[in-house]
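1. generate coordinates for the sequence data below:
(chains A and B)
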There are 2 protein chains.
Amino acid sequence: MTMSEAIEGRAALALLERARAVVDPPLRTALDTLPGPLRRIALYHFGWEDADGAPADGGAGKAVRPALVLAAARALGGDPLTAVPAAVAVELAHNFTLLHDDVIDRDPTRRHRPTAWTVFGVADAVIAGDALFALALRILAEDPHPASAAAAGRLSACVIELCGGQQADCAFEGRGPREVSLAECVEMAIAKTGALLGCSCALGALYAGAEPERIAALDTFGREAGLAFQLIDDLIGIWGDPARTGKPAGADLVAHKKSLPVVAALRSGTPAGAELARLYRTPLTGADVRRAADAVERAGGRDWAQLQAADRMAGAVQELSRAVPDPAAAGDLLDLAEFVTRRSR
Amino acid sequence: MTMSEAIEGRAALALLERARAVVDPPLRTALDTLPGPLRRIALYHFGWEDADGAPADGGAGKAVRPALVLAAARALGGDPLTAVPAAVAVELAHNFTLLHDDVIDRDPTRRHRPTAWTVFGVADAVIAGDALFALALRILAEDPHPASAAAAGRLSACVIELCGGQQADCAFEGRGPREVSLAECVEMAIAKTGALLGCSCALGALYAGAEPERIAALDTFGREAGLAFQLIDDLIGIWGDPARTGKPAGADLVAHKKSLPVVAALRSGTPAGAELARLYRTPLTGADVRRAADAVERAGGRDWAQLQAADRMAGAVQELSRAVPDPAAAGDLLDLAEFVTRRSR
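-> Now for the predicted structure:
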């Protein structure tokens, strides 16, 4: 990490901390309106309560999406404080998808704690997720800001896209190693990861009263940065340092995950791609994990993903400069995008 | 059934058919915007497609809630056609809750067909439910009608209440026979059954530009009628004619359901209530089912539920006449309420 990168990282962390500080009070006030048992599940999920209801001090996530809402509003000349309801809404919508994704994927941990469904059961976790999404839309519906209805429309449409992405992700798991095309895989990643980041930027722009072209450009900025993040995350899932990721080497390969570099390799038409497909039909341990990682690399999957990540990030920056020509005004959004793509798991 | 009741029933059926005819085209147009696999699940759930994707001719439910929206709009002097987006939204929200409830309750059939989760799996049914709710709110957000934002706020708040009711229903199942109070049970039934009926009426009133007092009165009308319906449905679950209900006699007792007359009996402080509690701790078959039904009756549960249903219906009618003093204008809403409470399972 260079000096300037370190400084940028610190700038992004400060933005995230500020977003957390601005969004948390109205977020907690909103959660407090939920029916008792659902409030408990929500407070547990956000890290504000333990499983037994005792207060806990957070770990409610990085607030990337609220920070994007506020930074986008500021970048387009709006008052970020008027966009706080939109920031709260995207954070609620994000956590609704996390609650349901954890149920669907049977993930046991989230933010270093047992997932809500493991503590409260599948039924209650599903219902609590539903309630968080309803709360997100209630907040927008009750917000008198002139952009709130358009924001609700965009957030609802984004959640439909997210649902499509989550469904595709589940469906891909059931297919054979070479039965998922790279285009499908990219589309799924944009829907699952990019859509809500793009929507967060768009909502900030909407609340700043920006023109439709700028709103659209900021949406694309968030989506492209989101895909860049996913590509880098997928590379880390194969070649990440176990000491930094906290996961064994090649964790995604062991899980037979159809991540972007893997699918690029599988669909490469190369002998290494065919070798990878063979390896993906068997359990992977020890030397086989290294062999599979090498096959992804020899089939061009690693280079493709690295190039794509750089391309997508360049595209994101271009869209950003189109929406916000003044580099000083665009600085916070750029810091956040670089922070998101740079962070390791 | 008297002659006038038969005529009322026919009037209600005509209202429901008209609502179905008005709501179905925009509902299908909305469903067609969903990502492919989610669209398939939705069309199956609504009865418009078979499991293999072949067209089917409906059975999409009775359209009670859309009919209430349209009738409420008309009763308050509005043009019901302008309220169609609200009618579509409540129908989508209702079906979102059905998809999730079926997953949570593991119900195998819905409208005489296998439930969506048994056909497409739990994950896809949960995700499709999420998408239907997002679609409901997208439709309201994109509707230029001046009442659409207030309608979205009411619908979101209603779904939060519904979630609370569904959570309570699940929680009650895990408690002992005498560990659920009658007040909790009534609150749960209002949240699960009354809230969306009330919200449907309120949305119609909102779209007619009605004053807040009338909107609130129509909301209470729908809630009280909904509770009356639930009380009667619970009575049928114990004493309904198997030839008409299609279920064995005392089906709710066999399932140890904590329905309203049962809880009234369990909490009666009578010897019959204590006997029922004992019976509810063992599997019920044959003569025990009749014995449990007799215990509910001797403990006063049957009378209580019948009186409550009549009281609640009277309260509903009173609220209706407060919101819509002209009996001719209120006629359709009354027909629908009486149809809902009269129909057997």
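
2. pLDDT weak spots in chain A?
-> Within chain A, the stretches with pLDDT under 70 are A:1-8, A:59, A:343-345.

3. just want the most central residue of it.
-> Geometric centre of chain A, nearest residue: A:Thr193, 4.4 Å, by CA atoms, centre = their mean.

4. ok, that one to A:Val180 distance?
-> As judged by CB to CB, to the nearest Å, A:Thr193 and A:Val180 stand 17 Å apart. (Each C-beta comes from the backbone N, C-alpha and C, glycine too.)

5. and the residue nearest to the centre of chain A, what does it touch?
-> Residues counted as contacts of A:Thr193 (CB atoms under 8 Å, 6 or more residues apart in numbering or on different chains) are A:Gly165, A:Gly226, A:Leu227, A:Phe229, A:Gln230.

6. from those residues, which two are the most distant?
-> With distance counted by CB to CB, no two of the contacts of A:Thr193 lie farther apart than A:Gly165 and A:Phe229, which are 14.3 Å apart.

7. would TSV of the contacts of A:Thr193 with neighbour count, distance to chain B and secondary structure be doable?
-> Formatted as TSV, the contacts of A:Thr193 follow (neighbours: other CB atoms under 10 Å in any protein chain shown; distance: CB to the nearest CB, whole Å; DSSP: H, G, I helix; E, B strand; the rest coil):
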residue	neighbour count	distance to chain B	secondary structure
A:Gly165	23	8	helix
A:Gly226	28	18	helix
A:Leu227	27	18	helix
A:Phe229	25	22	helix
A:Gln230	25	18	helix
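
8. and A:Gly78, that one's in a helix?
-> No. Note on A:Gly78: no helix contains this position according to DSSP: H, G, I helix; E, B strand; the rest coil, which reports coil.

9. I'd like the distance between it and chain B.
-> Between A:Gly78 and chain B the distance, using CB to the nearest CB, to the nearest Å, works out to 20 Å.

10. how about A:Glu173?
-> For A:Glu173, the distance to chain B (CB to the nearest CB) stands at 10 Å.

11. quick one: A:Leu15 from chain B, how far?
-> The separation that A:Leu15 has from chain B, given CB to the nearest CB, amounts to 28 Å.

12. most remote residue from chain A's center?
-> Among the residues of chain A, the one whose C-alpha is farthest from the average of all C-alpha positions is A:Pro271, by CA atoms, centre = their mean at 33.6 Å.

13. which stretches of the stretch 101-250 of chain A form strands?
-> Counting by DSSP state E, counting those that start in this stretch, one finds strands in the stretch 101-250 of chain A at the ranges A:109-110, A:113-114.

14. switch those over to CSV; also include distance to chain B and mean neighbour count.
-> Compiled in CSV, the strands of the stretch 101-250 of chain A are given as follows (distance: least, CB to the nearest CB, whole Å; neighbours: other CB atoms under 10 Å in any protein chain shown):
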stretch, distance to chain B, mean neighbour count
strand A:109-110, 17, 15
strand A:113-114, 19, 16
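
15. in CSV, list the ones you listed along with distance to A:Val254.
-> Rendered in CSV, the data for the strands of the stretch 101-250 of chain A read as follows (distance: least, CB to CB, whole Å):
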stretch, distance to A:Val254
strand A:109-110, 17
strand A:113-114, 22
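
16. among these, which comes closest to B:Arg175?
-> Relative to B:Arg175, the nearest member of the strands of the stretch 101-250 of chain A by CB to CB is strand A:113-114, separated by 23.9 Å.

17. how distant is that closest one from the center of its chain?
-> When distances are taken as CA atoms, centre = their mean, to the nearest Å, strand A:113-114 is centred 19 Å away from the chain's centroid.

18. ok, stretch A:93-106 next?
-> Its chain's C-alpha centre and that of stretch A:93-106 lie 12 Å apart, by CA atoms, centre = their mean.

19. show me what counts as buried in it.
-> Burial within stretch A:93-106, assessed by neighbour count using 16 or more other CB atoms under 10 Å in any protein chain shown, is assigned to A:Ala93, A:His94, A:Asn95, A:Phe96, A:Thr97, A:Leu98, A:Leu99, A:His100, A:Asp101, A:Asp102, A:Val103, A:Ile104.

20. which of these are close to chain B?
-> Filtering the buried residues of stretch A:93-106 for proximity to chain B by CB under 8 Å from any CB of the partner chain leaves A:Phe96, A:His100, A:Val103, A:Ile104.

21. out of those residues, flag the one nearest to chain B.
-> The shortest approach to chain B among these belongs to A:Ile104, at 4.3 Å (CB to the nearest CB).

22. what parts of the stretch 151-300 of chain A come near chain B?
-> The stretch 151-300 of chain A has residues A:152-153, A:156-157, A:159-161, A:163-164, A:166-168, A:170-171, A:191 near chain B, with proximity defined as CB under 8 Å from any CB.

23. need the max-distance pair from those residues.
-> Of all pairs drawn from these, the widest gap by CB to CB lies between A:Ala152 and A:Ala171 and measures 28.7 Å.

24. between those two, which is the more surrounded one?
-> The residue with more neighbours, out of A:Ala152 and A:Ala171, is A:Ala152; 30 against 16, by other CB atoms under 10 Å in any protein chain shown.

25. who are the contact partners of A:Ile139?
-> A:Ala30, A:Pro85, A:Val88, A:Ala89, A:Leu92.

26. can you rerun that using 10 Å?
-> Going by CB atoms under 10 Å, 6 or more residues apart in numbering or on different chains, A:Ile139 touches A:26-27, A:30, A:33, A:84-86, A:88-89, A:92, A:148, A:151-152, B:153, B:156.

27. which of those are buried?
-> Restricting these to buried positions leaves A:27, A:30, A:84-86, A:88-89, A:92, A:148, A:151-152, B:153, B:156, with burial counted as 16+ other CB under 10 Å.

28. roughly how far does the one residue in the stretch 201-345 of chain A that gets nearest to chain B sit from A:Ala151?
-> When distances are taken as CB to the nearest CB, the stretch 201-345 of chain A reaches nearest to chain B at A:Leu206, 11.8 Å away. For A:Leu206, the distance to A:Ala151 equals 5 Å [CB to CB].

29. so what sits against both of the two?
-> Each of A:Val69, A:Ala83, A:Ala86, A:His145, A:Cys199 lies in contact with both A:Leu206 and A:Ala151 under the rule CB under 10 Å, 6+ apart.

30. A:Arg74 touches A:Asp332, doesn't it?
-> Yes. Counting by CB atoms under 10 Å, a contact exists between A:Arg74 and A:Asp332, whose distance comes to 6.6 Å.

31. residues that sit against both of those two, list them.
-> With contacts taken as CB under 10 Å, 6+ apart, A:Arg74 and A:Asp332 have A:Leu15, A:Pro80, A:Val324 as neighbours in common.

32. who wins on neighbours among these?
-> If you count neighbours using other CB under 10 Å, the busiest of these is A:Val324, which has 26 neighbours.

33. that one contacts A:Ala217, doesn't it?
-> Yes. A:Val324 lies in contact with A:Ala217 (CB under 10 Å); the separation is 8.6 Å.

34. of the shared contacts of A:Leu206 and A:Ala151, closest to chain B?
-> Proximity of those to chain B, judged by CB to the nearest CB, is greatest for A:His145, which lies at 10.6 Å.

35. the closest one: neighbour count?
-> The burial count assigned to A:His145 is 17, neighbours taken as other CB under 10 Å.

36. kindly report the same for A:Gly77.
-> One way to gauge burial is a neighbour count; for A:Gly77, by other CB under 10 Å, it gives 12.

37. next up, the contacts around it.
-> Residues in contact with A:Gly77 (CB under 10 Å, 6+ apart) are A:Ala208, A:Gly209, A:Ala210, A:Val324, A:Asp326, A:Ala329.

38. skipping its backbone neighbours, what lies nearest the second one in space?
-> When you say that, I think you mean A:Gly209. Leaving out its chain neighbours, the residue that sits closest to A:Gly209 by CB to CB, 6 or more residues apart in numbering or on different chains is A:Gly78, at 6.5 Å.
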